[in-house]
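Visitor: Build me a structure from this.
(one chain, ligands or ions: 1)
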Amino acid sequence: MNLATWVERHGRRLRDDPALATGEDVHATWGELAARVAGGAGGLRDRLGLEPGDRVAIVMGNRPEYLEVQYAAWHAGLVAVPVNARLHRDEIAYVLEHSGARVAVTDDEHAEDVGALLERVGTLEAVVRAPGPEWEGLRTAAPVPLTDRGTDDPAWLFYTSGTTGRPKGATLTHGNLLMASLSYFADIDPVASTDSVLHAAPLSHGSGLYGLPHVAKGAVSVFTEGTVDGARLLTLTRRWPGLSFFAAPIMVRRLAGDEALRDADLSGLKTIIYGGAPMYLADLEAALGTFGPRLAQIYGQGETPMTITGLSKADHAGTDHPRWRERMQSVGFPRTDVDVRVVDPDDRAVPTGEVGEVLVRGGVVMSGYWQAEEATAETLRGGWLHTGDVGSLDEDGFLTLKDRSKDLIISGGMNIYPREVEEALLTHPQVEAVAVVGRPDPEWGESVVAFVVPGDDPPSSEDLDRTCLDRIARFKRPKEYHLVDALPTNSYGKVLKRELREQLAGE
Ligand code: AMP
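Guide: Residues are numbered from 1 along each chain as shown. As a prediction, the model looks like this:
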């Protein structure tokens, strides 16, 4: 089925209910959105001459028109290429060129950069601004009927955030995204048309993916300007109760410490879905203190859109379970629709408790990388998605991630998982953030180095050492501590350990 079917259906059944909102105001009802989507599809097909299967890049900040364009593209049978708008112009050029986008839709903020690409990107024929008269002109075109799409037809080219090398476009089909949405209902949360989803993170990534099950059920998609702080969140939960949102761990941590949320009435807040990067136990406990059991964790990748394992709200609430703490440090239990395996370098399953690469198989796994046969064959070899993540399954089936395989530190022949050292250091009250990496060492192979963002009263190396020695084996403790103002992150907030290693190499 075509995912745009949802909008068309709600346009009839929920005609006067809100579909899109900006802050507290309704931007469009389902009736209006369905009309704009069918009209926009007509504009893209008839005025711009696009054919089913052609790619349309969306380079926009989060705004309601984003979803108008995305669903219009799907309605027209086109493939959406949501590009992270925070990328550098050259990186955007690469994604447009590689995906062969014929049209790019952008907003005022990015119009100059994207407009300049018309000359540079061979396939690009038009750049459309939304909101504004250009998109207005397209979306008021004569509507076209919904294009029939099968489960194997591509819907979304998800260019991976690229902490290494050139980004690759995970080809997500209508079937993959449908499965990811159904899996959300199965394992994370049911959704009703009276609910809402707040887009507090980029729509080109997690927030866009979690928006899908909400659109499927006719909930309101809520947009807001600027960063979401505690006061803003409270206002929005009052106006749009039943509110859920996706947030990277770093944002959950920030909100958990927001004074405005202390002892506040959070009855309008339904679920915070966090994931995309490690959530450290100390931060999770603080978040549960602020939000109560409204947190659900997901572990996934662009290649298997946010669907490998999950920790449900019930898991978070089960504090009387004897292994609750371990479970909270895990990424949860395999999702209903996937097989998950942990394997050795020859792809043989390792025994329970042993560490290996995480593999995934199921209807949610991408069909392949766009125009990259070799990388596809390598990543999907044997019919399993090779995630590049390293972890272990416990006897109950919960998966604990160690690190990306390339982040593993081998010192004196011993494997050291940076995450364990980071978890230990974060228990120190004067450690705001930390990243642990390996430095080449002639004697040990690698030595452990910690980059620490301190609080107001910076801790000494001895103090940090003591914190580690109280919690982890001596050989794992860092040999060096570097106090820094901030950690380098990519545009989705993931720490770039590669840059830290390069920094050490350049010393
Ligand atoms: P991306 O494809 O950009 O979403 O990045 C996916 C990667 O983020 C995964 O392969 C993991 O390394 C990491 N990741 C995603 N979810 C989690 C999680 N819940 N905990 C730890 N790391 C995660």
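Visitor: Contacts only, for whichever residue of the stretch 1-150 of the chain sits closest to the ligand.
Guide: The minimum distance from the stretch 1-150 of the chain to the ligand, using C-beta to the nearest ligand atom, falls at Asn84 (9.7 Å). Every residue, glycine included, has its C-beta placed from N, CA and C. Each residue near Asn84 by C-beta atoms under 8 Å, 6 or more residues apart in numbering is listed here: 159, 161, 202, 204-205, 491-492.
Visitor: now swap in Trp384 and tell me
Guide: Residues counted as contacts of Trp384 (C-beta under 8 Å, 6+ apart) are 341, 347, 359-361.
Visitor: Closest one to the ligand out of these, please.
Guide: Distance to the ligand, by C-beta to the nearest ligand atom, is smallest for Val360 among those, at 10.2 Å.
Visitor: Wait, that closest one touches Thr304, no?
Guide: Yes - with contact defined as C-beta atoms under 8 Å, Val360 reaches Thr304; the gap is 5.3 Å.
Visitor: all strands of the stretch 401-507 of the chain, in order?
Guide: With DSSP state E, counting those that start in this stretch as the criterion, the stretch 401-507 of the chain has strands at 409-411, 414-416, 431-441, 445-454, 480-483.
Visitor: what residues does the third one touch?
Guide: The set of residues that contact strand 431-441 without belonging to it, under C-beta under 8 Å, 6+ apart, is 407, 409-411, 416, 418, 421-422, 425-426, 446-455, 459, 464, 467, 478, 480, 486-487, 495, 497, 500-501, 504-505.
Visitor: Can you turn the buried part of those into a PyMOL selection?
Guide: The buried subset of these, as determined by 16 or more other C-beta atoms under 10 Å, is captured in PyMOL by this line:
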select buried, resi 407+409+411+416+418+421+422+425+426+446+447+448+449+450+451+452+454+459+464+467+478+487+495+497+500+501+504
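Visitor: And the protein, what are its domain boundaries?
Guide: The chain breaks down into these domains under automatic domain parsing: 337-403, 409-505.
Visitor: Which one, of these, ends up nearest to the ligand?
Guide: Comparison of these against the ligand by C-beta to the nearest ligand atom identifies domain 337-403 as nearest, at 4.7 Å.
Visitor: what mean pLDDT would you report for the closest one?
Guide: For domain 337-403, mean pLDDT is 95.
Visitor: and that domain, how far from the chain's centre?
Guide: From the chain centre to the centre of domain 337-403 is a distance of 18 Å (C-alpha atoms, centre = their mean, to the nearest Å).
Visitor: same check, this time on stretch 293-310
Guide: Put simply, stretch 293-310 sits 8 Å off its chain's centre (C-alpha atoms, centre = their mean).
Visitor: do the same with stretch 220-231
Guide: 17 Å.
Visitor: For it, buried residues please.
Guide: Within stretch 220-231, the residues scored as buried using 16+ other C-beta under 10 Å are 220-224, 228, 230.
Visitor: ok, and which of those reach the ligand?
Guide: Among these, none lies close to the ligand by the criterion of C-beta under 6 Å from any ligand atom.
Visitor: can you put these in a markdown table and add pLDDT?
Guide: Converted to a markdown table, these look like this (pLDDT from 0 to 100):
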| residue | pLDDT |
| --- | --- |
| Val220 | 98 |
| Ser221 | 98 |
| Val222 | 98 |
| Phe223 | 98 |
| Thr224 | 96 |
| Val228 | 95 |
| Gly230 | 97 |
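Visitor: CA atoms only for stretch 488-498, dumped as PDB, please.
Guide: Extracted in PDB, the C-alpha atoms of stretch 488-498 (Å, rounded to 0.1, in the frame of the first residue of the first chain):
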ATOM      1  CA  PRO A 488      32.300  17.300  18.900                       C
ATOM      2  CA  THR A 489      29.000  16.000  17.600                       C
ATOM      3  CA  ASN A 490      27.400  15.500  14.200                       C
ATOM      4  CA  SER A 491      24.200  17.400  13.200                       C
ATOM      5  CA  TYR A 492      22.100  14.800  15.000                       C
ATOM      6  CA  GLY A 493      24.000  15.200  18.200                       C
ATOM      7  CA  LYS A 494      25.900  12.000  18.000                       C
ATOM      8  CA  VAL A 495      29.400  12.300  19.500                       C
ATOM      9  CA  LEU A 496      32.100  12.000  16.800                       C
ATOM     10  CA  LYS A 497      34.700   9.800  18.400                       C
ATOM     11  CA  ARG A 498      36.600   9.700  15.100                       C
END
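Visitor: Mind listing what's buried along that stretch?
Guide: Neighbour-count burial for stretch 488-498 [16+ other C-beta under 10 Å]: 488-495, 497-498.
Visitor: same question for that stretch, mean pLDDT?
Guide: Throughout stretch 488-498, pLDDT has a mean value of 82.
Visitor: still on that earlier bit, got any residues that touch both of Val360 and Thr304?
Guide: Common contacts of Val360 and Thr304 (C-beta under 8 Å, 6+ apart): 338, 385, 387.
Visitor: Neighbours of Ala473, how many?
Guide: Look at Ala473: counted by other C-beta atoms under 10 Å, it has 11 neighbours.
Visitor: actually Arg239, not the one I wrote
Guide: 16.
Visitor: one step back: nearest to Leu255, of the strands of the stretch 401-507 of the chain?
Guide: For the strands of the stretch 401-507 of the chain, the distance to Leu255 is smallest for strand 431-441, at 15.2 Å, taking C-beta to C-beta.
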